[in-house]
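got a predicted structure plus its sequence, pasted below:
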Amino acid sequence: MEPENIILNISKLPKKVTIVEVGPRDGLQMEESIVPTWLKIEIIKELSAAGLPVIQATAFVHPGKVPQMADAEQLLANIDLEGATLLSALTLNLEGVKRACRTAVDLVEVSISASDTHGRRNAGMDFRQALDQVETMIKTVRANGRNVQASIQCAFGCVYEGHIPVQRIITAAKVMVESGADGLTLADTTGMADPVQITKVLEMVARIAGKVPLTLHLHDTRGLGMVNLLTGLEMGIDRFDTAFGGLGGCPFVPGAAGNVATEDVVNLLSRLGIETGVDIKKVALCSKRIAEFLGRFPQGRLWRLLAPGG
């Protein structure tokens, strides 16, 4: 693809974008300092007050592998949000789905990895094993009256295996859509995507997804997160996972870095005339608060300018 074919075309951009805040889950899962449940709940409430329509609060995963998420049930049992914010939770297997469905969580994300090696390290399953289970996972969520977001990790590459065949992404997307997923997320888990790759994969998956909305989950490991987001926008994507402060990363990915920062994304979208309904100053205060608790600066940029003392 020639460079002129991937230059941003403003006329193609959506007028409104939905920001899915994944900071309380993806943003915190790598942190060694365990964030107390009460602080997680307060930050989630503050993020909700900032106008974020969907917040991924936690994950139902093995507490021995991801200790930060060990309080999933306790957190959801003690949080009461006012307004229209939906709470979601990540699951990697059928047991996680069953745990999630015993809580009051609004939206369950069912996630598998397109990489055999990452899948084994992250969930104890290679791609084929996970694919065999994902239909049951999705149908179990729907049988329990919840909406289900299906996601494909390592959709744009893997630090262990390098290139991931696009056919794997297409196969997984097809199974997920046919099983009844309400939405489909493509995750750049290892931050290996580039604009050309984003374009290629989205073009092919969009044909499978049909009317099922697509979401991009982008990490900024190699500094291309925002460029990839712009490419997604031009491709018509109007839902993005972001993390306040630019927190995040996968414990099972060497060198993993954070998600694209909520504040940075909202600022960019605002400058492009795209509506999000998110108050970035309120989000920035959440980033400052968690930075003070962790004793370090998250990688996002704008929160330091917007939060006094940041």
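Noted; the coordinates are in hand. Being a predicted model, the structure only gives us computed values, none of them experimental. Numbering: from 1, shown residues only.

what ranges do the helices span in this structure?
Remark: helices assigned in the chain by DSSP state H are 37-49, 72-77, 94-101, 116-123, 127-143, 166-178, 195-209, 225-234, 262-271, 280-294, 302-306.

contacts for the third one?
The reference is to helix 94-101. Outside helix 94-101, the residues that touch it by CB atoms under 8 Å, 6 or more residues apart in numbering are 59-61, 72-73, 89-91, 108, 110, 133, 136-137, 140-141, 144, 146. The way it works is simple: take the backbone N, C-alpha and C, and place the C-beta from them, glycine included.

chain center to that helix: distance?
Distance of helix 94-101 from the chain centroid (CA atoms, centre = their mean, to the nearest Å) equals 19 Å.

just want the angle from it to helix 127-143.
Using axes from the mean of the first three to the mean of the last three CA atoms, to 10 degrees, the direction of helix 94-101 lies 20 degrees away from that of helix 127-143.

compare the helices of the chain and give me the one nearest residue 157.
Across these, the minimum distance to residue 157, taken as CB to CB, is reached by helix 195-209, at 7.6 Å.

show me what the closest one is packed against.
When contacts are defined as 3 or more CB pairs under 8 Å, 6 or more residues apart in numbering; DSSP states H and E, helix 195-209 sits against helix 166-178, strand 183-188, strand 214-218, helix 225-234.

hmm, who's touching it?
With CB under 8 Å, 6+ apart, helix 195-209 has contacts from 1, 6, 155-157, 166, 169-170, 173-174, 177, 184, 186, 214, 216, 224, 227-228, 230-232, 235-237.

how near is residue 275 to residue 39?
Counting by CB to CB, to the nearest Å, the gap from residue 275 to residue 39 is 30 Å.

what do you get for residue 52?
Counting by CB to CB, the gap from residue 52 to residue 39 is 17 Å.

repeat that for residue 54.
Counting by CB to CB, the gap from residue 54 to residue 39 is 21 Å.

those two: which is more packed in?
Taking neighbours as other CB atoms under 10 Å, residue 54 and residue 39 compare with residue 54 leading, 22 against 12.

selection in PyMOL covering whichever of the contacts of helix 195-209 are buried, please.
What follows is the PyMOL syntax selecting those of these that are buried according to 16 or more other CB atoms under 10 Å:
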select buried, resi 6+155+156+157+166+169+170+173+177+184+186+214+216+224+227+228+230+231+232+235+237
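
find me the pLDDT at residue 234, would you?
As predicted, residue 234 sits at a pLDDT of 94.

how many residues are close by it?
21.

the residue nearest to residue 127 when sequence neighbours are not counted: how many residues sit nearby?
Once flanking residues are discounted, residue 127 sits nearest to residue 116: 5.3 Å by CB to CB, 6 or more residues apart in numbering. When neighbours are counted by other CB under 10 Å, residue 116 registers 20.

roughly how far apart are residue 116 and residue 128?
8 Å.

tell me the buried residues in the helix or strand of the chain with the lowest mean pLDDT?
The weakest-scoring helix or strand in the chain, judged by mean pLDDT, DSSP states H and E, is helix 302-306 (a mean of 75). The neighbour-count check on helix 302-306 (16+ other CB under 10 Å) flags 302-304, 306 as buried.

how about the residue nearest to residue 157 when sequence neighbours are not counted, what does it touch?
Setting aside the residues directly before and after it, residue 157 is nearest to residue 192 in space (CB to CB, 6+ apart), at 3.3 Å. The contact partners of residue 192, taken as CB under 8 Å, 6+ apart, are 156-159, 221-222.

between those residues, which is nearest residue 21?
Nearest to residue 21 among these, counting by CB to CB, is residue 221 at 19.5 Å.
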